[in-house]
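Q: sequence-free structure coming up:
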């Protein structure tokens, strides 16, 4: 038997190398970039409930993903990364807000968004409804508002509880209370 590979051996080696390249795990940096693209907007919306400016929110999001990179690089748990991201964002936002002594509520003003398909009467009614609902949102206790935002971002009750350090029952009660307020206001 000779040591020189024949054509079929070379083909198998090339195929095996190609298969290894295609089945190789994505680089951690690529995975973090993909998660960043997926969750950045949701995290920024949640951070707005802390009264952070857009700039501060962006900085917190950057810190969250740097922490995630470090977390994963150390081989730590990958379970429930969505909940982990929101929990870290929550903690960092609290630190930033406390450091800056802010806390004015929601940064985005949705009252000024136009409704292009409505006639003037419908637009007026819609704007009044929107202002009423926005006022209720701003009047909600901070914890209730955060529960609502996290739930709106698709987190399950258990995940909301983990992020905010609340029991499942407290999350359910908070959401029920908040939604009841909106329903009462929307009937007016």
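A: Cool, the structure landed. If you're wondering where the values come from, they're calculated on a predicted model, not measured in any experiment. Residues are numbered from 1 along each chain as shown.
Q: run through this structure and note the low-pLDDT ranges.
A: Applying pLDDT under 70 to the chain flags the ranges 1-26, 101-118, 188.
Q: let's see 80
A: 1-26, 97-127, 129-130, 185-188 (pLDDT under 80).
Q: so for the helix or strand that contains residue 130, what gets flagged as buried?
A: Element membership for residue 130 (DSSP states H and E) is helix 120-139. Using 16 or more other C-beta atoms under 10 Å as the test for burial, helix 120-139 gives 127, 133, 137. C-beta here means a position set from N, CA and C on the backbone, and glycine is covered the same way.
Q: I'd say the last one and residue 149 touch.
A: No. Here residue 137 lies out of contact with residue 149, judged by C-beta atoms under 8 Å, at a distance of 9.3 Å.
Q: helix or strand right after the helix holding residue 130?
A: Next along the chain after helix 120-139, taking DSSP H and E as the criterion, comes helix 142-152.
Q: is residue 183 in a helix, a strand, or coil?
A: Here residue 183 takes the helix state, with states given by DSSP: H, G, I helix; E, B strand; the rest coil.
Q: list just the nearest of the buried residues of helix 120-139 to residue 74.
A: Of all the buried residues of helix 120-139, residue 137 has the smallest distance to residue 74: 38.5 Å, by C-beta to C-beta.
Q: relative to residue 146, how far out is that closest one?
A: Using C-beta to C-beta, to the nearest Å, we find residue 137 at a distance of 11 Å from residue 146.
Q: then residue 52?
A: Noted for residue 52: a distance of 13 Å to residue 146, by C-beta to C-beta.
Q: also residue 80?
A: 18 Å.
Q: likewise residue 127?
A: Distance from residue 127 to residue 146, counting by C-beta to C-beta: 26 Å.
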